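Student: Sequence and computational prediction follow.
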Amino acid sequence: MKKDLKEICKIFDFKDLGDERGNLVVIEGEIDIPFRIKRVFYLYGSDADVVRGQHANRKSEFILINVSGRSKVRITDGEEEFIVLLDKPHMGVYIPPMIWKDMYDFSEDSVLLVLSSEHYDAREYIRNYAEYMSEVKGHGLVK
């Protein structure tokens, strides 16, 4: 039986270890998230009407965290779809391999931090949605 997409793309609420001096959120690979971190990047300066992402990855796993401001992430596996509002710096969403993602509706102060399980490899990106659907159907991931 296929798992629900919201079960697969888990929302993380990381512990805030701050005190009277300020906030502190610590995220450790293979402890707080389900993979070893090999790459970190962040998006900022995107207008509210810009759509980023628009791809799936064959191998990479991701955690997306808006460490400042807010943004939305549309997540789909070709059958199910849901939208996550990332608006807390201690909240993240897990995106496993072969899940399509679109990031959009960025606030002016948005900084979207991305933790990745893999180093960048352009060959593992699927940037065309029709190609993505063909590939997931070919692997029996959708009907």
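Tutor: Okay, I see it.
Student: list the helices and strands the helix or strand bottoming out on mean pLDDT in the chain packs on?
Tutor: The helix or strand of the chain with the poorest confidence is helix 129-138; it has a mean of 94 (mean pLDDT, DSSP states H and E). With contacts taken as 3 or more CB pairs under 8 Å, 6 or more residues apart in numbering; DSSP states H and E, helix 129-138 sits against strand 52-57. Bear in mind the C-beta positions are built from the backbone N, C-alpha and C, glycine included.
Student: tell me which residues in the helix or strand just after the strand it packs on are buried?
Tutor: For strand 52-57, the following helix or strand on the C-terminal side (DSSP states H and E) is strand 62-68. Buried residues in strand 62-68, counting neighbours by 16 or more other CB atoms under 10 Å, are found at Phe62, Ile63, Leu64, Ile65, Asn66, Val67.
Student: what does stretch 67-76 give?
Tutor: Across stretch 67-76, burial judged by 16+ other CB under 10 Å covers Val67, Gly69, Ser71, Val73, Arg74, Ile75, Thr76.
Student: If anything else comes up later, I'll come back, but that's it for now.
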